[in-house]
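# my questions are about this predicted structure, shown below with the sequence.
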Amino acid sequence: MRVVLSTYGSRGDVEPLAALAVELRNRGTDAVVAAPPDDDFAELLERVGVPLVGAGQAVKEMIAEVSRKQGPNVGRRLPLEELQFRAHRIVASQYEAVLSSVRTGDVVVGTGLMPAACGARSAADQLGLRWVSVRFQPTTLPSPDHPPYPYPGRPLPEGLGNAELWEYDRETMKVVFGGVFNEHRQAVGLPPVDDVRSYIFTDEPWLAADPLLAPAPSGVEVVQTGAWIRPDNRPLPPELEEFLTSGEPPVYVGFGSMGLQQNLHEAGRAAVTAARGHGRRVVLASGWAELALADDDKDCFRVGEINQQALFARCATVIHHGGAGTTTTATRAGAPQIIVPQVVDQPYFARRVAELGVGVAHEGSVPSAGSLTEGLSTTLSPDVARRAHEVAGKISDQGTRVAAELLGG
């Protein structure tokens, strides 16, 4: 049996699949990842010995393309017609990538953008394979606990409860993706699907998130495996080690795969100013936004792709965007956090960090030096540091083991 792990999205969509693939291969089960052919993802999977089947356009290329089209409106939602055009491409490319990787008796595990999941599901259907749908956070699962996210051209109606909004979301999925999905299915000889969302998510989707940090929502049957975490044993670079040991624990600042938000450069500068105001040094992660230091002062150190598990454990506070992976890593490391949420599930993780008492949920996506100075006054306190250390010991690292056993690996 081979397990094909399919996604189209950012680093946070690929990293967990790499973790599960390593666990499966360690157990003697063949595993490959079908994902965008970005250099970052190829290097990650090569480093851990997992084959990458390139699917469609590199995400960074797509972001650059969208950025050129949007011009001064960069960061706004794509028009519905543009979204459907890109969805059609992703459905077709993901279908081809997954179909080229599978054999009779294999399993397809799908996540990422909805069009990618649609393409992967059709590839599984073509050979009658088992399909497993996975989410890395609970907020896209239909539940009365929270509303759905709006789509271009389909704003959420006012005055409705969450249950009614999720029914509206079901129809939205048909409008936005149904035609694209079924057009492709017809082209490859598969029957049409009426309820796209239910067909992709299935009656029992998997939730690969930590039960304490991101508990399963009510009203939906899920299999919660725990977060898919790959132990990272890489040493930190010698220059960074020297920086870390030469003073107090620094403040980490980084926004991961967020690339379209133009305010991130200003956010990075505001974070450095705030940290300096507290007498703290800074480790600045360049990320997809390519953040850079504003000066050559020795109290700041810039890093690229790095072992966050090792680094976060040595930081006084981690300021980040609130992606599922980064939040889980920081929480496991026992690092207090300030989350400056940008999109989708990030406000949820910001709220959870605050509710658990291990950090601060920044109000809004555009921080100032003042707002981050206030946040650091909280996260640098001994009480928050103690609470972060306490919660760290409760975050499970068994998610990949649970998932691999469920898959029969």
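On my side now, so go ahead.

# quick one: low-confidence ranges for this structure?
Along the chain, segments meeting pLDDT under 70 span 70-78, 259-262, 409.

# break it into its domains for me.
2-135+142-204, 238-392 (automatic domain parsing).

# residue 228: which of those is closest?
domain 2-135+142-204 (3.8 Å; Cβ to Cβ). Every residue, glycine included, has its C-beta placed from N, CA and C.

# so for that closest one, first residue to last residue, what's the gap.
Domain 2-135+142-204 has its terminal residues 22 Å apart, counting by Cα to Cα, to the nearest Å.

# cool, and stretch 191-208?
Stretch 191-208: ends 30 Å apart by Cα to Cα.

# contacts for it, please.
With contact meaning Cβ atoms under 8 Å, 6 or more residues apart in numbering, stretch 191-208 is reached by 16, 110, 114, 117-118, 121, 131-138, 141-142, 169-170, 173-174, 177-178, 181-182, 185-186, 214, 216, 220-228, 399, 403, 406.

# quick one: the strands in the stretch 151-300 of the chain?
Secondary structure of the stretch 151-300 of the chain (DSSP state E, counting those that start in this stretch): strands at 206-207, 223-224, 251-253, 282-285, 300-303.

# okay if I get these as a markdown table plus distance to residue 269?
Conversion of the strands of the stretch 151-300 of the chain to a markdown table gives the following (distance: least, Cβ to Cβ, whole Å):
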| stretch | distance to residue 269 |
| --- | --- |
| strand 206-207 | 37 |
| strand 223-224 | 39 |
| strand 251-253 | 10 |
| strand 282-285 | 10 |
| strand 300-303 | 11 |
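
# point out the most buried one among those strands.
strand 251-253 (a mean of 29; mean count of other Cβ atoms under 10 Å).

# returning to what we had before: mind putting the domains of the chain in a markdown table, distance to residue 210 included?
Converted to a markdown table, the domains of the chain look like this (distance: least, Cβ to Cβ, whole Å):
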| stretch | distance to residue 210 |
| --- | --- |
| domain 2-135+142-204 | 12 |
| domain 238-392 | 6 |
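
# which among those is found nearest to residue 232?
domain 238-392 (4.6 Å).

# and the closest one, end to end?
Using Cα to Cα, the two ends of domain 238-392 sit 26 Å apart.

# let me see the contact set for residue 114.
Here residue 114 is in contact with 87, 173, 177, 196, 200 (criterion: Cβ under 8 Å, 6+ apart).

# could you check how far it is from residue 86?
Going from residue 114 to residue 86 by Cβ to Cβ, to the nearest Å gives 11 Å.

# which residues touch the nearest residue in space to residue 80 that is not next to it in sequence?
Once flanking residues are discounted, residue 80 sits nearest to residue 153: 3.7 Å by Cβ to Cβ, 6 or more residues apart in numbering. When contacts are counted by Cβ under 8 Å, 6+ apart, residue 153 touches 79-80, 176.

# want to throw these into a markdown table with distance to residue 355?
Listed next are those as a markdown table, based on distance: Cβ to Cβ, whole Å:
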| residue | distance to residue 355 |
| --- | --- |
| 79 | 36 |
| 80 | 35 |
| 176 | 32 |
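
# returning to that earlier point: so which of the strands of the stretch 151-300 of the chain comes closest to residue 54?
strand 206-207 (24.5 Å).

# give me the sheet partners of the closest one and which way each runs.
Strand 206-207 sits in its sheet next to strand 130-135 (parallel), strand 223-224 (parallel), going by DSSP bridges.

# winner for burial among those strands?
strand 130-135 (a mean of 20).

# ok, residue 125 - contacts?
Counted by Cβ under 8 Å, 6+ apart, residue 125 has contacts 131, 190.

# which helix or which strand is home to it?
Secondary structure from DSSP states H and E places residue 125 in helix 114-126.

# residues contacting residue 397?
The contact partners of residue 397, taken as Cβ under 8 Å, 6+ apart, are 226, 229, 231, 332.

# that one and residue 128, how far apart?
35 Å.
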